[in-house]
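> Pasted the sequence and its predicted model underneath.
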Amino acid sequence: MNKTTCQYCAGNGYVHVAVGGSETCHYCEGTGVEKDEMVIKQ
Ligand SMILES: [Zn+2]
């Protein structure tokens with residue numbers, strides 16, 4: 001288990017936008033986990 005919380009949405013899976021409301025975090029695609037963890041090998 002080496003999941004890294006997405007720093008962009010703080011693991012929420014969504015981000016607040018200026019226009020009001022929120023949208024799915026495009027950085028982690030709503031998973032709340034950084035994609036970078038995919039390339040980490042143990
Ligand atoms: Zn995210």
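Nice, I can see it.
> got the residues of the protein near the ion?
6, 8-9, 25, 27-28 (Cβ under 5 Å from the ion). The C-beta positions use only the backbone N, C-alpha and C, and glycine is treated the same way.
> Weed out the non-buried ones from these.
6, 9, 25, 28 (16 or more other Cβ atoms under 10 Å).
> Rebuild the residues of the chain next to the ion as JSON lines, extending it with pLDDT.
JSON lines is the format used below for those (pLDDT from 0 to 100):
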{"residue": "6", "pLDDT": "92"}
{"residue": "8", "pLDDT": "90"}
{"residue": "9", "pLDDT": "93"}
{"residue": "25", "pLDDT": "93"}
{"residue": "27", "pLDDT": "89"}
{"residue": "28", "pLDDT": "91"}
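> ok, now which ones touch residue 25?
Counting by Cβ atoms under 8 Å, 6 or more residues apart in numbering, residue 25 touches 6, 8-9, 12-15, 32.
> Name the nearest of these relative to residue 21.
Relative to residue 21, the closest of the contacts of residue 25 is residue 14; by Cβ to Cβ it sits at 9.4 Å.
> contacting residues for the closest one?
Contacts of residue 14 were listed using Cβ under 8 Å, 6+ apart, and they are 22-25, 30.
> Write down the beta-bridge partners of the nearest residue to it once chain neighbours are set aside, one by one.
Nearest residue to residue 14 in three dimensions, chain neighbours excluded: residue 22, at 4.6 Å (Cβ to Cβ, 6 or more residues apart in numbering). Going by DSSP bridges, residue 22 is paired in beta bridges with residue 16.
> I am finished for the moment; much appreciated.
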